[in-house]
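A.B. asks: what's the 3D shape of this:
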Amino acid sequence: MNQPHKIILGLPKGSLQESTYAMMKKAGFTIRSGSRSYIPSVDDPEIEARLIRAQEISRYVEQGVLDVGMTGFDWITENRSNVVEVANLVYAKQGLRPVRWVLAVPNDSPIQSVKDLEGKRVATEAVGITRQYLEKNGVKAEVEFSWGATEVKAPELVDAIVEITETGSSLRANNLRIVETILESTTRLIVNQDAWQDPWKKKKVQQLAMLLEGALAAETKVLLKMNVSTDKVKAVSALLPALHAPTLNQLAQDGWYSIESVVEESVVREIIPQLKEAGAEGIIEIPLNKVVP
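C.D. replies: Numbers count the residues shown, from 1 in each chain. Take a look at the predicted model:
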């Protein structure tokens, strides 16, 4: 009997885990895992999942232990992993934006730029990224690996830190200021080089990428539906900033149409009153799971 085709997918354990599970759910895949299990179940018989720290995923994908993985561009860079990047998935722990690795110092520190780190000591979890950055700027400094609580180490233990941040709130709470951004990072869907050469695996990964990108595209969009009389169709349609032209369907009642349009959620509160004034009736706002161009 032929063995069924499968891909082994590495999912990030830790800060990205919850948001990754939610994104996979919107893409159509339900993942379940126990509190201590590193082998979650996926409701797709062609996918086996492994729950691994994001810092390690790119190494295991490069080695072929995993066929595919979801991890940050920062850790791909840190590990210098030779992998295929299939999709750029712009989401993080707290929102749909890149995270930043930043050089930070105490508020009263004299350090104003990377050049001022000459001969100083820097603590970070991203040792490779930091060393590459210092080398690029021609600065020699001691870089030590931080096992955690990096924000509290300056100024008593080190002169500066390189830390990841989304909002900067944790740095500010620890009386630190950002000097420079070293690297911006987003989540990437990556594939092992040999797996990418396998036609079945390549197609499966491309389908996964399409669904994930569709789920991300839907995060900021909604579907608006409304009824409009014939004489108001042009005015109402002009107000809709659709991906494409709004969909127009004639209703059973003569002289009335149904209009549907996918719009950015951020503009809905502004345009609904305008649509109402222009003659739209029965306006419905519907959340979306996926938008696939």
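
A.B. asks: mind listing the strands for the stretch 101-250 of the chain?
C.D. replies: Here the stretch 101-250 of the chain has its strands, by DSSP state E, counting those that start in this stretch, at 121-124, 142-145, 160-165, 176-185, 187-191, 221-229, 247-250.

A.B. asks: can I get those strands in CSV including distance to F73?
C.D. replies: Any C-beta I mention is one placed from the backbone N, CA and C, and that applies to glycine too. Shown next, in CSV, are the strands of the stretch 101-250 of the chain (distance: least, C-beta to C-beta, whole Å):
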stretch, distance to F73
strand 121-124, 16
strand 142-145, 20
strand 160-165, 12
strand 176-185, 4
strand 187-191, 5
strand 221-229, 25
strand 247-250, 37
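
A.B. asks: in CSV, list these along with mean neighbour count.
C.D. replies: Output for the strands of the stretch 101-250 of the chain, formatted as CSV (neighbours: other C-beta atoms under 10 Å):
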stretch, mean neighbour count
strand 121-124, 23
strand 142-145, 15
strand 160-165, 24
strand 176-185, 18
strand 187-191, 25
strand 221-229, 19
strand 247-250, 12
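
A.B. asks: so can I have JSON lines of these showing distance to E277 and mean pLDDT?
C.D. replies: Converted to JSON lines, the strands of the stretch 101-250 of the chain look like this (distance: least, C-beta to C-beta, whole Å; pLDDT from 0 to 100):
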{"stretch": "strand 121-124", "distance to E277": "55", "mean pLDDT": "95"}
{"stretch": "strand 142-145", "distance to E277": "60", "mean pLDDT": "96"}
{"stretch": "strand 160-165", "distance to E277": "43", "mean pLDDT": "94"}
{"stretch": "strand 176-185", "distance to E277": "42", "mean pLDDT": "94"}
{"stretch": "strand 187-191", "distance to E277": "41", "mean pLDDT": "96"}
{"stretch": "strand 221-229", "distance to E277": "12", "mean pLDDT": "94"}
{"stretch": "strand 247-250", "distance to E277": "20", "mean pLDDT": "89"}
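
A.B. asks: K153 is nearest to which of those strands?
C.D. replies: K153 sits nearest to strand 121-124 of all the strands of the stretch 101-250 of the chain, at 4.9 Å, using C-beta to C-beta.

A.B. asks: contacts for the lengthiest helix in the chain, please.
C.D. replies: The longest helix of the chain (DSSP state H) is helix 199-218. Outside helix 199-218, the residues within contact range by C-beta atoms under 8 Å, 6 or more residues apart in numbering are 5, 7, 9, 23-24, 26-29, 46-47, 67-68, 86-87, 89-91, 96, 189, 191, 195-196, 288-293.

A.B. asks: also stretch 126-133?
C.D. replies: Under C-beta under 8 Å, 6+ apart, the answer for stretch 126-133 is 74, 77-80, 101, 114, 122, 124, 143-145, 162, 164, 182-183.

A.B. asks: determine which two of those residues are furthest apart.
C.D. replies: Taking C-beta to C-beta, no two of the contacts of stretch 126-133 sit farther apart than N79 and V114, at 22.7 Å.

A.B. asks: the closest residue to L134 other than its chain neighbours and E135, how far apart?
C.D. replies: The shortest distance from L134 to any non-neighbouring residue, by C-beta to C-beta, 6 or more residues apart in numbering, is to A141 (5.7 Å). From A141 across to E135, the span is 10 Å (C-beta to C-beta, to the nearest Å).

A.B. asks: likewise A154?
C.D. replies: The value you get for A154 to E135, if C-beta to C-beta is used, is 22 Å.

A.B. asks: what's the answer for G282, then?
C.D. replies: Counting by C-beta to C-beta - G282 and E135 are separated by 62 Å.

A.B. asks: so where's the protein shaky on pLDDT?
C.D. replies: The model of the chain has pLDDT under 70 over residues 1-4, 35-36, 92-96, 242-244.

A.B. asks: pretty sure A154 contacts D108?
C.D. replies: No: the pair A154 and D108 fails to qualify as a contact (C-beta atoms under 8 Å) at a distance of 10.9 Å.

A.B. asks: which of those two has more neighbours?
C.D. replies: A154 (23 against 8; other C-beta atoms under 10 Å).

A.B. asks: contact partners for the more buried one?
C.D. replies: A154 makes contact with A104, V105, P106, S109, A123, A160, I161, L176, according to C-beta under 8 Å, 6+ apart.

A.B. asks: excluding sequence neighbours, find me the nearest residue to the first one.
C.D. replies: Closest residue in space to A104, ignoring its immediate chain neighbours: L176 at 4.4 Å, by C-beta to C-beta, 6+ apart.
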